[in-house]
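> Provide a 3D model corresponding to the input given below.
(one chain, ligands or ions: 1)
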Amino acid sequence: MSHPTSASLFSRALARIPGGVNSPVRAFGSIGGEPFFTERAQGCTLTTTEGVELIDFVGTWGPAIHGHNHPRIREAVQVALHKGTSFGTPNCYEVPMAELICDVVPSVEKVRMVNSGTEATMSCIRLARGFTGRDKIIKFEGCYHGHSDALLVKAGSGALTHGNPDSAGVTRGAAQDTLLLPFNDLEKLESVFRQAGSEIAAIIVEPFPANMGLVLPDPGYLEALRALTQQYGTLLIFDEVMTGFRIALGGVQEYLGITPDLTAMGKIIGGGLPVGAFGGRADIMDFLAPQGPVYQAGTLSGNPMALAAGIEAVRMLKESNPYADLDRQSRILALAMENAFEQKGIPVQIPQVGSMLSVFFCESRVRDYDDVLRSEKSHFTRLFHACLQRGLFLAPSPFETWFVSTAHDTAAIERSCDILTQAIASL
Ligand code: PLP
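Numbering: from 1, shown residues only. As a prediction, this is how the structure comes out:
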């Protein structure tokens, strides 16, 4: 039987799936054209339903730090599969996973498993409010913490791409206790704390915001968040759904030596299956039901197949400690692009840390959401399509971070540098 083409699948998808996709960022809305359908994925490549092989820097939007379809993760899932897909009782994967997370993420003393990053951040907010008895939270413009109501205000990622940051359907009531501030602006933050510090339950922050492109904190900024929250009895929540197990095994908190009170996790700890987790100080986590008064639950939470995949993914990182190599490979890509753009006379900023990088078309360093919105967008559209034609898949939006995996070996990085250089020359 011949495979249906991406075009025919997408036209069927449009009839039965809103917008033709099950998550908005997968549509090619902001860069034009239609998405391709993937038949299979292996290592650092995707193969489309037409049989075209693409070097992939999306990495399933973060989880695929070991590349796609890693044999150890596949085997771990196969072993779990043979025992049954879900039990509805405690299972033998939950304790090793909890111990592993507490072992590697510095601030986490107790942890609860959930099914997505959205559930993890949403639960952190409820827990912070329940623990402190306060209502207000602070989030930063352009940070994306999933699609729960209180956090879908000036969010990044798909919400930013589609120019609809305040989603229809989010009531004023749900968002009214969310205070919005620009990232990297300590003065504004201090002034809000001076006015209302005793009412603020928590600050939630992507410590390295990666959903408006990659925006790095000014030196000392995150340390100041920690000091200020401690001063006012406010909880500091690091959303490490993207950065956890990626920037370092213990995330940004290990990398910078800052200890948040609560941490949201996801992506890599699912090994490609749907998993999230949140954890932190034991006295706070013990506020969760059944021990405490804050309710949180999930039919499939701690699912054995998902945890089998995640445990294997984290164990491999612990064994191989690939972080210096990932940083080196990513830097090679960034340098190749900087050279090519310089030759072309197009000003760019390419922030890069570890295996994360992104490209902004502007003259000076991008520090916040307003800087992101001011950057030039049309170059990215052309870069995206020029790369795709040549066999390289970037996230279909100028506001996403690129992910390098351990499967991007020297040959793949060299090939990627060649493609990027040619694509940039063609702009
Ligand atoms: N937090 C961050 C930092 C994210 O990048 C994302 C997703 O991209 C989420 C939360 C939400 O995670 P999920 O899509 O698994 O619900």
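> can we go C-alpha only for contacts and neighbour counts from here?
Fine.
> so what's residue 120 up against?
Applying Cα atoms under 8 Å, 6 or more residues apart in numbering to residue 120 gives the contacts 114, 264, 265, 266, 276, 277, 278.
> Output the residues you listed as a markdown table; include the columns secondary structure.
Output for these, formatted as a markdown table (DSSP: H, G, I helix; E, B strand; the rest coil):
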| residue | secondary structure |
| --- | --- |
| 114 | strand |
| 264 | strand |
| 265 | strand |
| 266 | strand |
| 276 | strand |
| 277 | strand |
| 278 | strand |
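> Past the helix or strand bottoming out on mean pLDDT in the chain, which element shows up next along the chain?
Taking mean pLDDT, DSSP states H and E as the measure, helix 157-161 is the helix or strand of the chain with the lowest mean score, a mean of 56. Next along the chain after helix 157-161, taking DSSP states H and E as the criterion, comes helix 172-175.
> What is the distance between the helix or strand that that next one is followed by and the centre of its chain?
Along the chain past helix 172-175, the next helix or strand (assigned with DSSP H and E) turns out to be strand 178-181. Distance, stretch centre to chain centre, for strand 178-181: 20 Å (Cα atoms, centre = their mean, to the nearest Å).
> name the helices or strands packed onto strand 178-181?
Contacts defined by 3 or more Cα pairs under 8 Å, 6 or more residues apart in numbering; DSSP states H and E place strand 178-181 against strand 136-140.
> Excluding chain neighbours, give the residue nearest to residue 336 in space.
Using Cα to Cα, 6 or more residues apart in numbering and skipping the chain neighbours, the partner closest in space to residue 336 is residue 417 (5.9 Å).
> sec struct for that neighbour, please.
helix.
> is it true that it touches residue 338?
No. Checked against Cα atoms under 8 Å, the pair residue 417 and residue 338 is beyond contact range at 10.8 Å.
> okay, and the common contacts of these two?
What both residue 417 and residue 338 touch, as defined by Cα under 8 Å, 6+ apart, is an empty set.
> Was I right to think residue 404 contacts residue 326?
Yes. Look at residue 404 against residue 326 with Cα under 8 Å: they come within range, at 6.7 Å.
> and the stretch 51-200 of the chain, which residues reach the ligand?
116, 117, 118, 144, 145, 146 (Cα under 6 Å from any ligand atom).
> Now do the SS call for the last one.
Which is residue 146. Residue 146 ends up coil, using three-state DSSP.
> got the contact list for it?
When contacts are counted by Cα under 8 Å, 6+ apart, residue 146 is found next to 117, 118, 119, 121, 152.
> Helices - which of those land there?
Taking DSSP state H, the ones among those that sit in helices are 117, 118, 119, 121.
> for the stretch 301-427 of the chain, what spans make up the helices?
Assigned by DSSP state H, counting those that start in this stretch, the stretch 301-427 of the chain shows helices spanning 304-320, 323-344, 369-374, 378-389, 410-425.
> most tightly surrounded among these?
helix 304-320 (a mean of 21; mean count of other Cα atoms under 10 Å).
> how about low-confidence regions in the stretch 101-250 of the chain?
Applying pLDDT under 70 to the stretch 101-250 of the chain flags residues 156-166.
> And the helices in the stretch 151-300 of the chain?
Under the criterion DSSP H, counting those that start in this stretch, the stretch 151-300 of the chain carries helices at the ranges 157-161, 172-175, 186-196, 221-232, 251-256, 282-285.
> in the second one, what counts as buried?
Which is helix 172-175. Using 16 or more other Cα atoms under 10 Å as the test for burial, helix 172-175 gives residue 175.
> Give me the buried stretch members for stretch 127-138, please.
127, 128, 129, 130, 131, 132, 134, 135, 136, 137, 138.
> I meant to write stretch 176-183 there.
177, 178, 179, 180, 181, 182, 183.
> That stretch: end-to-end distance?
The first residue of stretch 176-183 is 19 Å away from its last residue (Cα to Cα, to the nearest Å).
> distance between that stretch and the chain's centre?
The answer for stretch 176-183 is 20 Å, by Cα atoms, centre = their mean.
> Then stretch 340-351?
Distance of stretch 340-351 from its chain centroid, counting by Cα atoms, centre = their mean, is 26 Å.
> Give me the contacts around that stretch.
214-216, 334, 338, 357-366, 421, 424-425.
> average pLDDT for stretch 332-340?
Stretch 332-340 shows a mean pLDDT of 98.
> cool, and stretch 356-365?
On average, stretch 356-365 scores 98.
> and the gap between residue 412 and the ligand?
Residue 412 is 25 Å from the ligand, where distance means Cα to the nearest ligand atom, to the nearest Å.
> Report the contact partners of that residue.
44, 55.
> and residue 92, which of the three is it?
coil.
> Local confidence estimate at the residue lying closest to it once chain neighbours are set aside?
Closest residue to residue 92 apart from its sequence neighbours, by Cα to Cα, 6+ apart: residue 304 at 7.8 Å. Per-residue pLDDT puts residue 304 at 98.
> How about residue 396?
95.
> picking that back up, can you check the contacts of residue 146 and name whichever has the most neighbours?
Greatest neighbour count in the contacts of residue 146, by other Cα atoms under 10 Å, goes to residue 121: 30 neighbours.
> And that one, how far from residue 255?
Distance from residue 121 to residue 255, counting by Cα to Cα: 21 Å.
> Residue 104 too?
Taking Cα to Cα, one finds residue 104 at 12 Å from residue 255.
> So these two - more neighbours on which side?
Higher neighbour count among residue 104 and residue 255: residue 104, with 17 against 11, using other Cα under 10 Å.
> excluding its backbone neighbours, what's nearest the more buried one?
residue 250 (5.3 Å).
> so what's that neighbour up against?
Counting by Cα under 8 Å, 6+ apart, the residues that residue 250 touches are 104, 105, 106, 244.
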